[in-house]
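sequence plus predicted model, see below.
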Amino acid sequence: MSRVSSFFPSPSKAALCAAAAVFVISAAGVSAQSLTGPQQNAVRSAQSYLSMTAFSRDGLIRQLSSSFGDGYEVADATVAVDSLSVDWNAQAERSARQYLQMMGFSCQGMIQQLSSSAGELFTMEQATHGARAAGAC
């Protein structure tokens, strides 16, 4: 099952505007012309996912390359994600806030959820930042 198909409350306009401010998507030194067709499509898919919910770098690559997600080749998904300029700390904070809207977490529990391979795949540093910034610690 795709992660995006999981339950998330419908965001308000204000929440969508705040979410849009959390990440910046732009080419990071990679010309759109230098990307292959599948990589360009993966960029569009990645941008779409980031507009809906928070992702870690590795989580987004996993979503794009999963047979339950988009099914892009891992190499194409990786190039696509790495061509974007995303504030992964802000994504970790956004993810932590989304979790805290649904249920309570201890500081350590939130960090574990954000960094776990069964969870969101943020780095330990990003997960710690996200948990602290969202108020779990």
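Nice, thanks for sending it over.

number of residues surrounding Gly69?
Neighbour count for Gly69, taken as other C-beta atoms under 10 Å: 20. Where you see a C-beta, it was placed from the backbone N, CA and C, and this is true even at glycine.

so it: helix, strand or coil?
Classification of Gly69 by DSSP: H, G, I helix; E, B strand; the rest coil places it in coil.

what's the closest non-adjacent residue to it?
Gln63 (4.4 Å; C-beta to C-beta, 6 or more residues apart in numbering).

now Thr128
Ile111 (5.6 Å).

which residues touch the one you found?
By C-beta atoms under 8 Å, 6 or more residues apart in numbering, the residues touching Ile111 are Met124, Ala127, Thr128, Ala131, Ala136, Cys137.

so where's the chain uncertain?
The model of the chain has pLDDT under 70 over residues 1-33.

just the element for the residue nearest the centre of the chain, please.
Centroid-nearest residue in the chain: Phe55, 1.1 Å away (criterion: C-alpha atoms, centre = their mean). Following DSSP states H and E, there is no helix or strand that holds Phe55.

over to the one 4 residues further on?
For Gly59, the enclosing helix or strand under DSSP H and E is helix 57-65.

good, we can wrap up now.
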